[in-house]
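let me see the structure of the following:
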Amino acid sequence: MQIMKIKTLALMALFAIGFCITLQAQENAWKTLGKVTYKKEYDEMLGFKVDVPIFSNEIQKLEGKEVTIKGYIIPVEGYKSHKEFIFSAYPYSMCFFCGGAGPETVLEVKAKSAVPFTADPITIKGKLHLNSKDINKLMYSLSNVELVK
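Numbers count the residues shown, from 1 in each chain. This is a model prediction of the structure:
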C-alpha cells in the first residue's frame, strides 16, 4: 500500500513538473524569438542594404518544431481569412505594425481551420518556420496552427 502511494505521488510530481515546463515554454516563446540580431546586406532587387535576421542557436533549434505561443490576432488587410493572419506578442495598439515593437514580435499564421477574431489574448500552437531570405514575408511563421483551449 505504501509503495502505491509513493508511485502515485511520484507520478503526480512528474505531471506537475511537465505542466510547469510547458507553461514556462509558452511564456518564454516570445522571449526566445527575441534572441535575434541583424546584419546589413545589399539586396540586388531593391538596390540598397536591408536588415537580414541572424537567428540565435536557440531559435534555430525551434525550426520545424511545434511551438505553443500566447498573443494577439492583428487584423491586417490582405490576409484571406481568419485561417491566415498576423499574430503578435502585443495588442494591436502596441504591435510592430503600429510602431511599438520590433519585427521579432510578430509572426505569420496559417491555421488548419478558421480562428475566430478576438481582441483578447489567445494561445495557439503550430510548426515554426524561420525566414531570412524573403523580405516580402515576416521572419517567423507558424503552419498547421490550432487554437489551444
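
how about low-confidence regions in this structure?
Applying pLDDT under 70 to the chain flags the ranges 1-27, 78-80, 93-100.

run the last query once more with 50
Along the chain, the parts satisfying pLDDT under 50 run over 4-26.

any idea what residue 84 is bridged to?
residue 81, residue 110 (DSSP bridges).

roughly how far apart are it and residue 75?
From residue 84 across to residue 75, the span is 12 Å (C-beta to C-beta, to the nearest Å). (Each C-beta comes from the backbone N, C-alpha and C, glycine too.)

more neighbours: which of those two?
residue 84 (16 against 12; other C-beta atoms under 10 Å).

which residues touch the strand or helix carrying residue 39?
Element membership for residue 39 (DSSP states H and E) is strand 36-43. Contact with strand 36-43 is made by 48-56, 59, 104, 135, 139, as judged by C-beta atoms under 8 Å, 6 or more residues apart in numbering.

so how far is it from its chain's centroid?
21 Å (C-alpha atoms, centre = their mean, to the nearest Å).

packing partners of whichever helix or strand comes after it?
Using DSSP H and E, the helix or strand that follows strand 36-43 towards the C-terminus is strand 48-55. When contacts are defined as 3 or more C-beta pairs under 8 Å, 6 or more residues apart in numbering; DSSP states H and E, strand 48-55 sits against strand 36-43.

any idea of the angle the strand it packs on forms with strand 48-55?
150 degrees (axes from the mean of the first three to the mean of the last three C-alpha atoms, to 10 degrees).

can you tell me the closest non-neighbouring residue to residue 67?
Distances taken as C-beta to C-beta, 6 or more residues apart in numbering put residue 128 closest to residue 67, at 4.6 Å, once the chain neighbours are dropped.

pull up the gap between the one you found and residue 60, please.
10 Å.

those two - which one has more neighbours?
Each of residue 128 and residue 60 has its neighbours counted (other C-beta under 10 Å); residue 128 has more, 20 against 10.
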